[in-house]
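A.B. asks: Give me a model of this one.
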Amino acid sequence: MTVPLTKPVGNLVTVSAPNEVLYTLCPGPQASYFAVHHGWTEEELAKVGAKLTYLRSIPDTEQLWPHVGHRSESLIREGGNWPPIWARADISDTRLIATLTTDPSGGQILVRTTSRFYRVADLAGKKIGLLKGRNTRKLDFGRVPAHRGIIDSLRLAGLSDKDVTIVDIEHDDFEVEKPSRHPAERAGRFARKNPEEALDVQALASGEIDAILSSDANARYLTGSGRFKAIEDLSRHPDWTLTGASSPVITVSAKLAAEHPEYIVAYLRAAIRGGRWVNENPLAAAEIFNGGEARPQSVRRLAEAIGARDFVPNLAPQALAGLEVQKAFLLEYGYIRNDFDIRDWVAPQFLQEALASF
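C.D. replies: This is a model prediction of the structure:
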């Protein structure tokens, strides 16, 4: 049974005109990233009389990260699934209109190269670091995937979080990002971050903790420094939920979906065009995405990763089952207060109409 939404936190981000649509993307090589790059998203929205505005170009004066809580009734959000699950459970009335291709990496457990840890089972009784933001007005979105990766790694080793000490490494996450003119500018800013400057990595290097969970991209950089080694890689297991439960999603404000379904279909048409283009041009897609990075993967490696996935938006049964797995984790560890039915959240008619329009 769905629990009524709790009272929203903070003010909604409003638009300047009735036909203005806000959109926002997480920094990653998804279909809409390329649709925006080619101008297709703006083109498709213009056909139905809508004006497109990038949410991240609007200053977040209340430090609420509206991208995370879906804090606008005119917003189409695309990105990782744990913020929209939190938003739907506790903050905002939204509809799920598509799932997206999943990055097959699940993260890696890193330890110091000089340590005598060779498998996760060796960490029994040891300290695993986990970043914890102080801003409690939003979901601690950076903590969630690391926390889940740690729990999954422990379970694979026959351990639980009671067999280790999870050390919270607090950090100030009140400060919001500077506005970005477009998604590529924001992606480039993310790419310029040095993984060794992260507080959990510093704590690991100093010996304050014994292990951390790192994303695959950061793990490649950190192990390449020679200072750290991986003792677990979640992508190497047959259990698809270790990676597949994190599939990105596209969600929309319920009000926007009800009042302007044509805007939603137009956005998805652009995303479908972007996904089909990526499927046919993985090398060109890798070159475009790497153009915004100061510390890129090799273009060829990224092209190979892109070529192994289908970038056309979908509502695949496995992706929807993965959302249930993710929601269960968020409930179990207190990241969300209210439960809801994933099936009731899904609004398939928009994607069906967009696909049928070609």
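
A.B. asks: for the stretch 151-300 of the chain, which spans come out with low pLDDT?
C.D. replies: Within the stretch 151-300 of the chain, the set of residues satisfying pLDDT under 70 comprises 190-192, 292-297.

A.B. asks: And the stretch 1-150 of the chain, by the same measure?
C.D. replies: 1-11, 61-64.

A.B. asks: So which residues of it form helices?
C.D. replies: 31-38, 40-47, 66-69, 82-86, 143-156 (DSSP state H, counting those that start in this stretch).

A.B. asks: any idea which of the ones you listed is most buried?
C.D. replies: When the helices of the stretch 1-150 of the chain are scored by mean count of other CB atoms under 10 Å, the highest mean neighbour count falls to helix 82-86 (a mean of 26). Just so you know, the C-beta spots here come from the backbone N, C-alpha and C atoms, and that holds for glycine as well.

A.B. asks: Pull up the gap between residue 246 and residue 284, please.
C.D. replies: 26 Å (CB to CB, to the nearest Å).

A.B. asks: How about residue 340?
C.D. replies: Here residue 340 is placed at a distance of 40 Å from residue 284 (CB to CB).

A.B. asks: still on that earlier bit, show me the one of the helices of the stretch 1-150 of the chain that comes nearest residue 56.
C.D. replies: Proximity to residue 56, assessed across those by CB to CB, is greatest for helix 66-69 (6.9 Å).

A.B. asks: So in the chain, which helix runs the longest?
C.D. replies: Longest helix in the chain, counting residues (DSSP state H): helix 261-280.

A.B. asks: for it, which positions count as buried?
C.D. replies: Neighbour-count burial for helix 261-280, counted by 16 or more other CB atoms under 10 Å, picks out 261, 263-275, 277-279.

A.B. asks: about what we covered before: who has more neighbours out of residue 340 and residue 284?
C.D. replies: A count of neighbours by other CB atoms under 10 Å puts residue 340 above the other of residue 340 and residue 284, at 18 against 15.

A.B. asks: Can I take it that the more buried one is in a strand?
C.D. replies: No: counting by DSSP: H, G, I helix; E, B strand; the rest coil, one finds residue 340 to be coil, located in no strand.

A.B. asks: what's the spacing between it and residue 264?
C.D. replies: Distance of residue 340 to residue 264, given as CB to CB: 20 Å.

A.B. asks: can you give me the strands for the stretch 151-300 of the chain?
C.D. replies: Here the stretch 151-300 of the chain has its strands, by DSSP state E, counting those that start in this stretch, at 165-171, 212-214, 228-233, 249-253.
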